[in-house]
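S.K.: Pasting the sequence and the predicted model now:
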Amino acid sequence: MRRQTRCRWGLCRNNAWGRSLAELRRGEKAVVEIVCGKRKALLYSYGIVPGSEVEVLQTFPLYVVRVGQTELGLDTAVCTDIVVSEKNTV
Amino acid sequence: MNDEKIPSQKENHQLSTPPVILIGNANVGKSVIFSLLTRAYAAVSNYPGTTVELLQGVMEFRGVKREVIDTPGVADFAGRSEDERVARDVVFSYPEATTVLVVDVKNLSRGLYLALFLSALGRKMVIVLNMIDEAEHRGIEIDFSILKRLFNVPVVPMVAVKSVGFEDLLDAIDAATSSSYFPPLSSDLAMAVSEAEECFPLEQPDRKGAAIVALCAPERFECETFDRALLDCVDKVGKKFCIEQKESFPAMLASSWMQVSTDIAKRSVKQVVLNTKPAADRFLEAIGNVAIQPVAGLFIAIAVLVVMFLFVGMFGAGFLVDFIGREFFDRFFIPVVNTLLHDAPLLIKEFFTGPYGVITMAVTYAFGIILPITTTFFFFFALLEDSGYLPRISVLADRVAKLVGVSGRAVIPMLLGLGCGTMATLSTRILESAKERFIATFLLALAVPCSAQLGVTIGILGGISFAALAVWVVTILFFMVVVGTFLDRIIRGDELLSVIEIPPLRRPGMRNVFLKTGHRVSWYMKEVLPIFLFGSIILFLCDVVGIMKTINAISGFFAKFLGLPFESGIVFVTGFFRRDYGAAMLYDLFQKGLLSVGQTVIAAVVFTLFIPCCAQFFLMVRERGLKTALMIATAVFFLAIIGGKLIGILIHSLSLFGGVA
């Protein structure tokens, strides 16, 4: 499945495989694949890095995701800049 | 506030040892450690030229006194908003200082990410692994020796809230060294860094580290730290990098160093999953989670606001104002002044105790009314801040706020505006873009009533009927949304991208709350009250010279235009100099039966929308420049007139409240 993310800067444009965080439902967990957009460096420093596991706690009024022990409120525009893949279930 | 010198630098001359700087992510317990270190003395001050409050204190260890500075929590050193910038600038302005990096063990990689920057900068460092007990509860075990060996600095496990590990921290601060570790850079990054290094003078301590941090956001560095030419030079390197690598330097660095810190964290953690938390934590956590849900969260937000108004309204504006007015001013102060002025010439008497007198108007106002109200408001606001609740309101309001062109973050200045619009205008600096700051300043000037006005207005309208109050609220909100949406459309700016960290709720630290309240109240006394004093002198002079009649005529003309009695015009002029006095005059007019119900509603709407007090206007001039401030004031003036006229037409045509006349 190939989807267009809204990424403007750098690598992401060509590698937009998978789903964006904005497509996840409440309670879903996923693994971050690629982060792009203007908030990239900030998201990294909060621990949203490729390989990290995120859990969507709620989706309205903002997306609330937990990564590690950090909870972040993200708007839809930021979420579409985060490409995720299914969490491997053992 | 801009010309305020940072107190630490003055004190530093007395305390010859370099300061201790606490730094770390948000909510890792920096303030608790600060309190432990500085039991004897602490104060809040603003970092020069900012609204960011820094806690400063003095610690004593083995007879040596050292200054301690607590910085705002940061995720990195990019300095996106004012508080993040201050944290970074404090680290930069004291190269000799010992930095105490406080890390939440549960978030090891995020904390160590900052350690990489501090190592690169060559700062003397102590790593505090805080909340080690919570980590143990969750089955996280840390191998400290790995961190110690890698960074080659003291590593102190602590449970700061129980002062566990405090003695070790004192020893560690004493023995702190610069880290010998330099985090790895890929060849692309290293090349850019060495190019940027060339921009720095040779005497710059740790040029390489400085170059890295400067490359992360050259445009956001205060010019006092580095001069313009240097930053332009760094900026050029950054832009070149971005074009060549198709990736910005900060983003590539973040991705590489976050990987490094995650690796270090993984190596030093032996994790066993075991999830038990103390019951108290779980209770606060549950409330914290509910507070961001759309429906329940809204109810909690409303409840918090209601409690705030009850507290400020009943306790501050009711009890305290009455008590101080009765016990101090009526019984003691006014009689003493009257006796002293008994034989004075009439003009002098007028100057002090006349209807526009400095004492009757300004002093009683300042200390009898404004001081108790603002103090209670600032106290409540500091409680909200320290508990970690405010970001939750930002999350809830983000969507709505974006409709009017600001991010959820802007809700915080708006809330503050319900206390004091002047301080709120100053605090719009926490917003990231110029567009947001402008819109927030505009809306604060237009539609956010401050505490001096809010109480009286709610009192009058609520006393009439619920419908009157509702019409007022809806009209104000309507104007806020319409004007905000309009401004959002016509002003160009970057897309708003919200990333809001939601800290866990916690019990507020009362020491911090009191320190902050005290600091803000004293700011208020120094910055705002003199302007009111000045305002009442102007009113007095106008009265003496006889311009008051002209002003009366002009304002009366506008009042007539709005379908209000001629006498009510002066209310708005007075309101500019003294917000609540205008409101009180309005109340008077209503009591005397000079205003019908419909007219009262119109007057309340116009009064709320009207240009705020002179203090807020002066601050707008200072923060946004004279041109912008005048533009906002003019726009607000006409919007208020239009608002009053429209609501008048509406009331008239629907014959609400028995029509206007």
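M.R.: That came through, no problem. Residues are numbered from 1 along each chain as shown, chains lettered A, B, ... in the order given.

S.K.: Might you list the low-confidence residue ranges for the chain?
M.R.: The chain I'm using is chain A. Across chain A, the ranges flagged by pLDDT under 70 are A:1-18, A:88-90.

S.K.: You answered for a different chain; I wanted chain B.
M.R.: Checking chain B against pLDDT under 70 turns up B:1-15, B:40, B:46-50, B:219, B:221-225, B:271-280, B:580, B:658-661.

S.K.: Extract the C-alpha set from stretch B:409-429 and format it as PDB.
M.R.: In PDB, the C-alpha atoms belonging to stretch B:409-429 read as follows (Å, rounded to 0.1, in the frame of the first residue of the first chain):
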ATOM      1  CA  ARG B 409      -0.800  27.200  23.400                       C
ATOM      2  CA  ALA B 410      -2.500  30.600  23.000                       C
ATOM      3  CA  VAL B 411      -5.200  29.600  25.300                       C
ATOM      4  CA  ILE B 412      -2.800  30.100  28.200                       C
ATOM      5  CA  PRO B 413      -2.300  33.900  27.600                       C
ATOM      6  CA  MET B 414      -6.100  34.200  27.000                       C
ATOM      7  CA  LEU B 415      -6.800  32.600  30.400                       C
ATOM      8  CA  LEU B 416      -4.200  34.800  32.000                       C
ATOM      9  CA  GLY B 417      -6.100  37.700  30.300                       C
ATOM     10  CA  LEU B 418      -9.100  37.000  32.400                       C
ATOM     11  CA  GLY B 419      -6.900  38.100  35.300                       C
ATOM     12  CA  CYS B 420      -4.800  40.800  33.800                       C
ATOM     13  CA  GLY B 421      -4.800  41.700  30.100                       C
ATOM     14  CA  THR B 422      -1.500  43.500  30.500                       C
ATOM     15  CA  MET B 423       0.400  40.500  31.800                       C
ATOM     16  CA  ALA B 424      -1.400  38.400  29.300                       C
ATOM     17  CA  THR B 425      -0.200  40.600  26.400                       C
ATOM     18  CA  LEU B 426       3.400  40.200  27.700                       C
ATOM     19  CA  SER B 427       3.000  36.400  27.900                       C
ATOM     20  CA  THR B 428       2.000  36.200  24.200                       C
ATOM     21  CA  ARG B 429       5.800  35.800  23.800                       C
END
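
S.K.: list the buried ones in it?
M.R.: Residues of stretch B:409-429 classed as buried by neighbour count (16 or more other C-beta atoms under 10 Å in any protein chain shown): B:409-429. (C-beta placed from N, C-alpha, C; glycine too.)

S.K.: got the contact list for stretch B:204-218?
M.R.: With C-beta atoms under 8 Å, 6 or more residues apart in numbering or on different chains as the test, stretch B:204-218 has contacts from A:41, B:76-80, B:88, B:92, B:95, B:117, B:119-122, B:182, B:192-194, B:196-197, B:199-200, B:221, B:226, B:230-232, B:234-235, B:237-238, B:241, B:249-250, B:253.

S.K.: Say whether chain B is contacted by the lengthiest helix in chain A.
M.R.: When chain A is parsed with DSSP state H, its longest helix is helix A:40-45. Yes - using C-beta under 8 Å from any C-beta of the partner chain, helix A:40-45 reaches chain B at A:40-45.

S.K.: Stretch A:52-61 now?
M.R.: Yes - using C-beta under 8 Å from any C-beta, we find that stretch A:52-61 touches chain B at A:52, A:57-58, A:60-61.

S.K.: returning to what we had before: of the contacts of stretch B:204-218, select the buried ones using a PyMOL command.
M.R.: If you want just the buried ones from the contacts of stretch B:204-218 in PyMOL, going by 16+ other C-beta under 10 Å, the selection is:
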select buried, (chain A and resi 41) or (chain B and resi 76+77+78+79+80+88+92+117+119+120+121+122+192+193+196+197+199+200+221+226+230+231+234+235+237+238+241+249+250+253)
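
S.K.: what ranges do the strands span in the stretch 1-150 of chain B?
M.R.: For the stretch 1-150 of chain B, the strands defined by DSSP state E, counting those that start in this stretch occupy B:20-24, B:41-46, B:53-61, B:64-70, B:98-104, B:124-130, B:140-142.

S.K.: So what's the residue count around the residue nearest to residue B:148 when sequence neighbours are not counted?
M.R.: Leaving aside its sequence neighbours, residue B:148 sits nearest to residue B:155 (C-beta to C-beta, 6 or more residues apart in numbering or on different chains; 4.9 Å). The tally of other residues near residue B:155 (other C-beta atoms under 10 Å in any protein chain shown) stands at 23.

S.K.: Geometric centre of chain B: which residue is closest?
M.R.: Closest residue to the average C-alpha location of chain B: residue B:427 at 4.4 Å, with C-alpha atoms, centre = their mean.

S.K.: so how far is stretch B:182-193 off the chain centroid?
M.R.: In terms of C-alpha atoms, centre = their mean, to the nearest Å, the centre of stretch B:182-193 is found 37 Å from the chain centre.

S.K.: Flag every buried residue along it.
M.R.: Under 16+ other C-beta under 10 Å, the buried positions of stretch B:182-193 are B:183, B:185, B:189, B:192-193.
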